[in-house]
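Student: prediction below, plus the sequence it came from.
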Amino acid sequence: MIGRARSAMGATFVVFVMFAMFGCGSEYAGANVAQQVQSWVKNSPDPKFATAVSTLRGDMRRVDEADGSNAALRTDCDVLVVDALSANQNLPTPDSRLTQVLSQAYTSAANAGRDCLCAGGGHVCPSGVHGRASLLRLSGVEQSAAERGLIKAEARVDLLAVEAGGGR
């Protein structure tokens with residue numbers, strides 16, 4: 001009888017400790033999703049949210065400004081792909097809607113980079129589109145989709161910051 005009581009107390013203690021450690025299932029501190037997102041924004045591994053967004057915007061700007069040489073274009077496009085994939089490594093966020101928006105934005109940025117690489121003669125094109133001008137146009141459309149997603153993600157983070165009682 002005493003053994004069963006100890007076993008039950010031990011199991012209860014383990015459940016209590018696990019609940020205390022993992023709270024609502026997020027590795028980020030906070031009593032609610034809004035606070036957990038704020039923790040994710042500040043404490044996620046590099047690249048942090050603001051850095052990832054800024055980096056991707058800079059990459060897309062450099063792709064748009066690339067000179068006419070294929071080598072420069074391929075370099076800028078490759079950097080865009082790598083940075084989009086790197087940013088994607090910080091998903092999921094504690095908020096499923098934010099995760100979905102960022103995943104779509106990062107995918108659009110990576111696709112823009114891949115199609116841009118094809119335009120520079122650096123890859124077999126998975127999009128099935130051919131011709132430098134067409135590929136660059138497609139890359140531009142994908143960059144626009146990525147930018148819209150980044151704006152939505154920033155707005156979601158700002159909204160959650162207000163709900164959490166703080167700022168980004």
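Tutor: Yes, it's here.
Student: give me the longest helix you can find in this structure.
Tutor: The longest helix of the chain (DSSP state H) is helix 132-164.
Student: now that one: average pLDDT?
Tutor: For helix 132-164, mean pLDDT is 95.
Student: would you mark the buried spots in it?
Tutor: Buried residues in helix 132-164, counting neighbours by 16 or more other Cβ atoms under 10 Å, are found at 135-136, 138-140, 142-143, 145-147, 149-150, 152-153, 156-157, 160-161, 164. C-beta here means a position set from N, CA and C on the backbone, and glycine is covered the same way.
Student: what's it packed up against?
Tutor: Judged by 3 or more Cβ pairs under 8 Å, 6 or more residues apart in numbering; DSSP states H and E, the packing partners of helix 132-164 are helix 33-43, helix 49-65, helix 96-119.
Student: which non-adjacent residue is nearest the spatially most central residue of the chain?
Tutor: In the chain, the C-alpha nearest the mean C-alpha coordinate belongs to residue 88, at 4.0 Å (Cα atoms, centre = their mean). Using Cβ to Cβ, 6 or more residues apart in numbering and skipping residues adjacent in sequence, the residue nearest residue 88 is residue 106, 4.4 Å away.
Student: ok, the residue nearest to the centre of the chain to residue 56 distance?
Tutor: Per Cβ to Cβ, to the nearest Å, residue 88 is found 11 Å from residue 56.
Student: cool, and residue 119?
Tutor: Separation of residue 119 from residue 56 (Cβ to Cβ) stands at 19 Å.
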